[in-house]
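**Student:** Output the structure for:
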Amino acid sequence: MNGSAPLSKDVKEFCQIVFGATMLEGYGLTETGAVISCSTDEIPPGDHIGIPLGNVQICLEDVPEMNYTSHDSPCPRGEILMKGDNLFVGYYKQPELTKEALDADGWLHTGDIGCWNLDGTLRIIDRKKNIFKLSQGEDLKASFEELCASDSPAGAELKADITREMERLATEYKLFGFERVKKFHVHSEQFTPENDFATPTFKLKRPLIVKHFSPELEGMYTE
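**Tutor:** Now for the predicted structure:
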């Protein structure tokens, strides 16, 4: 059973072949009392987190500002909303935070962007907020501080400086291995409306950026 951070299809298949055992993957949140969807013995390993549990309702809500809608073809996409008898009642003494997470109809807004695959399984494809999960399972809230570095020796020097500073801070704050950022990529071009990485109001187009840099991202997670 895998949880916390997603496994690629290749890793799932490798584990099944090497260990001769079924590899299951589950998805859930602290607010849901752990698992709300999971793969089964009958579902081949793939790019998904299985199907909803029997006591859980899951639906996808449109996120038009990110171009995700339940009418997307062939696979509906949107923010994952959840209902069930395992759902929490709210955050302790934090009514505003509770109101933000639970809507008037009792649906929990997970902040994860999901997609219904053609076989009925659920897949996570993005985050609604600037929070992403490291390969070791740690959640990281990102604030985009834009750096512009050339491909010259000065650009390489900047990357080396960033690496040293990150290592220094990790040591200073005594971070565990799973709390440390293992890899990062320094891009030489600013994100602007002209190159279509940002809107006219300079809000980053995250889905497009992720798609553009998918080779770099995949490389960092597999190295």
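**Student:** use CA for all of it now, contacts and neighbours both
**Tutor:** Will do.
**Student:** next SSE after the strand or helix carrying Glu165?
**Tutor:** Taking DSSP states H and E as the criterion, the element that holds Glu165 is helix 153-172. Using DSSP H and E, the next helix or strand after helix 153-172 towards the C-terminus is helix 206-212.
**Student:** Give me the contact list for that following helix.
**Tutor:** 66, 126, 197, 217 (CA atoms under 8 Å, 6 or more residues apart in numbering).
**Student:** quick revisit: elements contacting the helix holding Glu165?
**Tutor:** Here helix 153-172 touches no other helix or strand, going by 3 or more CA pairs under 8 Å, 6 or more residues apart in numbering; DSSP states H and E.
**Student:** ok, back up a step: buried subset of the contacts of helix 206-212 as a ChimeraX selection?
**Tutor:** Only the buried entries of the contacts of helix 206-212 go into this ChimeraX selection, using 16 or more other CA atoms under 10 Å:
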select :66,126,197
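**Student:** Would you point out the most distant pair within the contacts of helix 206-212?
**Tutor:** Farthest apart among the contacts of helix 206-212 by CA to CA are Met66 and Leu217. That separation is 19.7 Å.
**Student:** Out of the contacts of helix 206-212, which sit inside strands?
**Tutor:** Residues of the contacts of helix 206-212 located in strands (DSSP state E): Asp126.
**Student:** Just the closest of the contacts of helix 206-212 to Phe176, please.
**Tutor:** Distances from Phe176 to the contacts of helix 206-212, taken by CA to CA, are shortest for Leu217, at 22.4 Å.
**Student:** ok so, going back, nearest to Ala34, of the contacts of helix 206-212?
**Tutor:** Asp126 (19.8 Å).
**Student:** how far away is the closest one from Asp161?
**Tutor:** Taking CA to CA, to the nearest Å as the measure, Asp126 falls 30 Å from Asp161.
**Student:** With distance to Leu118 as new columns, can the contacts of helix 206-212 be given to me in CSV?
**Tutor:** Formatted as CSV, the contacts of helix 206-212 follow (distance: CA to CA, whole Å):
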residue, distance to Leu118
Met66, 22
Asp126, 18
Phe197, 30
Leu217, 26
